[in-house]
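Chemist: This is the structure alone, sequence omitted:
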Ligand SMILES: Cc1ncc(COP(=O)(O)O)c(C=O)c1O
């Protein structure tokens, strides 16, 4: 943990050490937490009298659950958050400022403070943000973009929408993220951008990726849609893309996203594309040939601010749940039944992904549901180069990604979200152990 003179920003690295200090019995009141909005609820929690790590960071229920759902939507937002969101909506509705309005600037400033970035362009979704960033980075018809094949379809769709051609690169079997040593073989004269994905909330090896990119003079855009709160986000790239859809670690109550960068001219180009190609601060005067209608709504920005207060607390809860999974399941990895993800300080545990080593993954999934009523999931069920589309049939029939393909058959996501209870998590682990043993 940092010394008393420095306040914790509470991105993933600091939360990692904070959790270990709290587990070691260090007094929570001694932790000096930075005053950014994202840390507000974490700060209140740690500073309350008689803070107790288990009681205050884990949820309990009185009875043992009869079933566990993977991601029950009504539990992704707490009653307290609903109250805060209602207040935000009440503030905005009478003003009529549903699209443009003053909350947008505040939202952008809070994201900038959290991530220590100079420019935040808040958008109508992560997908829109990614299309715009690719366009502003110069990606056009026929340009190649190197990316993994195991991401959500939004990543490849953004490349295609910008006119680019996805070139799929293999992954690291332990992190599920782009393998830097595989990038060079994907580079051609047409390569215009490298697009690594922070899959499941894990930061790819950005230092190694940036080194190759610099060598070849290719810009890097980080798809960080699943990793708000990860340390060093956007540090080794032209920009990072965020998503604030309701399933993400920081969700609005609709669709929203952002581009974050330290590059002022790139930021201006993004702003122009984000709003009809208009010159900045000029009413309806075009500078770019065209642009999108893709700015965040004032209403979603107000809601995002209301929910941002909970981000670091929720990320710490996710980390604690991941840590519990790791501790309790370690012996089953040692026995060769499963493979756990690595417990590192560069992830925000958007999803908890294991690999089934002993047995057929699909059968394990089905049996956990059938015999234990525990729902697990697979993110994402079809790899990009295996989709049944005309484009894939025409261009990717011969694409071979041995690691991506082999890992894809083994991986399984266990439930993990801030409101998951200890009892539910125990039931998930009992079910898994019973089925794989
Ligand atoms: C890896 C990844 N990239 C891009 C996106 C697109 O974000 P949005 O849903 O905000 O358009 C998502 C969200 O689902 C995502 O998980």
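Modeler: Looks like it came in fine. What you see is a predicted model, and the numbers here were worked out from it, not measured in a lab.
Chemist: The ligand contacts on the stretch 201-350 of the chain?
Modeler: Along the stretch 201-350 of the chain, the residues adjacent to the ligand under the rule C-beta under 6 Å from any ligand atom are 223, 225, 226, 243, 245, 255, 257. Bear in mind the C-beta positions are built from the backbone N, C-alpha and C, glycine included.
Chemist: can you redo those residues as JSON lines with distance to residue 89 and secondary structure?
Modeler: JSON lines is the format used below for these (distance: C-beta to C-beta, whole Å; DSSP: H, G, I helix; E, B strand; the rest coil):
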{"residue": "223", "distance to residue 89": "30", "secondary structure": "strand"}
{"residue": "225", "distance to residue 89": "25", "secondary structure": "coil"}
{"residue": "226", "distance to residue 89": "26", "secondary structure": "coil"}
{"residue": "243", "distance to residue 89": "21", "secondary structure": "strand"}
{"residue": "245", "distance to residue 89": "18", "secondary structure": "coil"}
{"residue": "255", "distance to residue 89": "16", "secondary structure": "coil"}
{"residue": "257", "distance to residue 89": "20", "secondary structure": "strand"}
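Chemist: May I ask which two of these are separated the most?
Modeler: Largest separation among those by C-beta to C-beta: 223 and 255, giving 16.1 Å.
Chemist: Start and end of stretch 41-54, how far apart?
Modeler: One end of stretch 41-54 sits 16 Å from the other (C-alpha to C-alpha, to the nearest Å).
Chemist: before we move on, what about stretch 111-119?
Modeler: Termini of stretch 111-119 sit 9 Å apart (C-alpha to C-alpha).
Chemist: List the neighbours of it that are in contact with it.
Modeler: In this structure, residues lying in contact with stretch 111-119 by C-beta atoms under 8 Å, 6 or more residues apart in numbering are 9, 11, 36-38, 120, 122, 229, 233-234, 240, 242, 258, 260-264, 267, 308, 311.
Chemist: So for that stretch, what gets flagged as buried?
Modeler: 111, 112, 113, 114, 115, 116, 117, 119 (16 or more other C-beta atoms under 10 Å).
Chemist: Equivalent analysis for stretch 60-76, please.
Modeler: Result for stretch 60-76 [16+ other C-beta under 10 Å]: buried residues 65, 68, 69, 70.
Chemist: Just give the closest residue to the first one, not the sequence neighbours.
Modeler: This means residue 65. Spatial nearest neighbour of residue 65, excluding adjacent residues (C-beta to C-beta, 6 or more residues apart in numbering): residue 424 at 5.1 Å.
Chemist: Let me see the mean pLDDT of the helix or strand harbouring the one you found.
Modeler: Residue 424 belongs to helix 422-436 when assigned by DSSP states H and E. Helix 422-436 carries an average pLDDT of 98.
Chemist: what do you get for stretch 189-199?
Modeler: 98.
Chemist: How far does it stretch from one end to the other?
Modeler: For stretch 189-199, the end-to-end distance is 28 Å (C-alpha to C-alpha).
Chemist: gap between it and the chain center?
Modeler: 17 Å (C-alpha atoms, centre = their mean, to the nearest Å).
Chemist: do stretch 163-175 as well
Modeler: 17 Å.
Chemist: Now do the strands in this structure.
Modeler: 119-123, 144-147, 165-168, 191-194, 221-223, 239-243, 257-261, 338-339, 352-356, 411-414 (DSSP state E).
Chemist: Next, format those as TSV and append distance to residue 180.
Modeler: TSV is the format used below for the strands of the chain (distance: least, C-beta to C-beta, whole Å):
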stretch	distance to residue 180
strand 119-123	27
strand 144-147	11
strand 165-168	15
strand 191-194	10
strand 221-223	14
strand 239-243	17
strand 257-261	22
strand 338-339	21
strand 352-356	20
strand 411-414	21
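Chemist: Point out the most buried one among these.
Modeler: Highest mean neighbour count of the strands of the chain: strand 239-243, a mean of 30 (counted as mean count of other C-beta atoms under 10 Å).
Chemist: what pairs with that strand, and is each one parallel or antiparallel?
Modeler: strand 221-223 (parallel), strand 257-261 (antiparallel) (DSSP bridges).
Chemist: That strand to strand 119-123, inter-axis angle?
Modeler: 40 degrees (axes from the mean of the first three to the mean of the last three C-alpha atoms, to 10 degrees).
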